[in-house]
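In: no sequence on this one, just coordinates:
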C-alpha cells in the first residue's frame, strides 16, 4: 500500500489530508489527520474508511510525513561512496540529524541559499518506524518497520566539510525532500535488494543497489534503539551510493533550474527542481506545473 499526504488543489485553505494511492487515484482516508497519526494508531490504513477519490492531477503531494519526532540520517553507508569521499571505512554508523524544517514534497522547489555554492544531491532509502522501539535485537528489528520512502539528502558541502560537525550544512530548509509516498513494509519484504538511482537533468549520476549498504536496515534499527527510543513515524535515512557531485571529476554542484529525480525500486521517483534564493521568499514553494 502507498500512503501519502496531500492537499486538494481546489482547496484555498490547503488542508492537509491523508490518502492511499489505489489504481492511479488518491483515496482520502476520512478520519486520519496525519500519516504519523495513522502509524501511531496501530490501525492498518486498509481499516480506515475511504472518502473522496482524487486524480493525481487534482492533488498536491506533500512530504509523506511532516511531523516526525526524529529524522536520523546515516553518512558514509555505501562502500563505494566512502571511497569516493576519501574517508576511512566507518566501524560504526555515522549519524547526523535533520529536522522537520528540512522536509519538502515531490514536485516542490528546493531553495539553494545564497551562502551555498556547493549544493549536492544524495538519493537515499528511508525507513519509517512503525512502533516504539527500544533495545531491539537485530533478529526482530524488521518487525518495527512501517514502510519505506525516498529521501534526497541534499547537502551544502562548502558548509558541511568546513565546520567541525555536519548539522548546519545538512539541516537547511527544504534539504530533505521525501516521497512521493510511503510504501508499506509488506510490499517490500527485501529492502536490502532494491535498485537505487538518481538523475540530474535526465542524466544518470547515481546507480547502485541497497545490497551495497555497509550497515543494513535491521542493524541500524537495533543500533539506534540501544541508546534512543524510536517512535512511530520516525525516519531513518540510510545513506547514499556513489556518484554524488562532490566525488566527481570535475565536481558537479546543483544550480538553479536543475531537476533531480531520485528513484528506488518498488517505491517510485521523487522529483524536485532547485531554485535560487530570492530577496523575498514566497510562502508557496511549489514548483511551477
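Out: Received it, and whenever you're ready, just let me know what you need. Here the structure is a predicted model, which is why all the values come from computation and not from measurement. Residues are numbered from 1 along each chain as shown.

In: Next, count neighbours for residue 185.
Out: 20 (other Cβ atoms under 10 Å). For the C-beta atoms, the positions are set from N, CA and C on the backbone; glycine is no exception.

In: Identify the residues contacting it.
Out: 130, 142, 145-148 (Cβ atoms under 8 Å, 6 or more residues apart in numbering).

In: next SSE after the worst-scoring helix or strand of the chain on mean pLDDT?
Out: The helix or strand of the chain with the poorest confidence is helix 79-84; it has a mean of 83 (mean pLDDT, DSSP states H and E). Later in the chain than helix 79-84, the nearest helix or strand by DSSP states H and E is strand 94-98.

In: Distance from the chain centre to that following strand, please.
Out: Chain-centre distance of strand 94-98: 13 Å, with Cα atoms, centre = their mean, to the nearest Å.

In: buried stuff in it?
Out: 94, 96, 98 (16 or more other Cβ atoms under 10 Å).

In: Contacts for that strand, please.
Out: So strand 94-98 is contacted by 70-77, 153, 165-167, 170-171, 175-176, 224, 237 (Cβ under 8 Å, 6+ apart).

In: ok, how many other residues are close to residue 58?
Out: 14.

In: neighbours of the residue lying closest to it once chain neighbours are set aside, just the number please.
Out: Ranked by Cβ to Cβ, 6 or more residues apart in numbering and with sequence neighbours excluded, the top spatial neighbour of residue 58 is residue 9, at 5.9 Å. Using other Cβ under 10 Å, residue 9 has 12 other residues around it.

In: shaky segments in the stretch 151-289 of the chain?
Out: Under the criterion pLDDT under 70, the flagged ranges of the stretch 151-289 of the chain are 279-289.

In: Tell me the bridge partners for residue 128.
Out: residue 147, residue 235 (DSSP bridges).

In: any idea how far it is from residue 89?
Out: Residue 128 sits 28 Å away from residue 89, taking Cβ to Cβ, to the nearest Å as the criterion.

In: out of the two, which sits in the busier spot?
Out: residue 128 (26 against 9).

In: In contact with that one, which residues are there?
Out: Counting by Cβ under 8 Å, 6+ apart, residue 128 has contacts 39, 64-65, 145-149, 182, 233-235.

In: Could you dump these into TSV with distance to residue 138 and neighbour count added?
Out: Below are these laid out as TSV (distance: Cβ to Cβ, whole Å; neighbours: other Cβ atoms under 10 Å):
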residue	distance to residue 138	neighbour count
39	22	24
64	26	29
65	25	25
145	13	22
146	18	21
147	20	26
148	18	25
149	22	27
182	23	29
233	22	24
234	18	25
235	20	25
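
In: Kindly reformat those residues as JSON lines and extend each row with distance to residue 188.
Out: What follows is the contacts of residue 128, written out as JSON lines (distance: Cβ to Cβ, whole Å):
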{"residue": "39", "distance to residue 188": "16"}
{"residue": "64", "distance to residue 188": "15"}
{"residue": "65", "distance to residue 188": "17"}
{"residue": "145", "distance to residue 188": "9"}
{"residue": "146", "distance to residue 188": "11"}
{"residue": "147", "distance to residue 188": "8"}
{"residue": "148", "distance to residue 188": "6"}
{"residue": "149", "distance to residue 188": "11"}
{"residue": "182", "distance to residue 188": "10"}
{"residue": "233", "distance to residue 188": "18"}
{"residue": "234", "distance to residue 188": "18"}
{"residue": "235", "distance to residue 188": "16"}
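
In: which among these gets closest to residue 121?
Out: For the contacts of residue 128, the minimum distance to residue 121 (Cβ to Cβ) is 16.4 Å, reached by residue 149.

In: Make sure the closest one is actually in contact with residue 269.
Out: No: using Cβ atoms under 8 Å, residue 149 makes no contact with residue 269, being 11.7 Å away.

In: And the strands in the stretch 101-250 of the chain?
Out: 103-104, 109-112, 119-120, 123-129, 145-152, 155-156, 176-184, 195-200, 203-209, 235-237 (DSSP state E, counting those that start in this stretch).

In: Of all those, which one comes closest to residue 44?
Out: Once those are compared by Cβ to Cβ, strand 176-184 is nearest, at 8.4 Å.

In: re earlier: min pLDDT across the buried residues of strand 94-98, which one?
Out: Here the lowest pLDDT out of those sits on residue 94, with 94.

In: That concludes my questions; thank you for your assistance.
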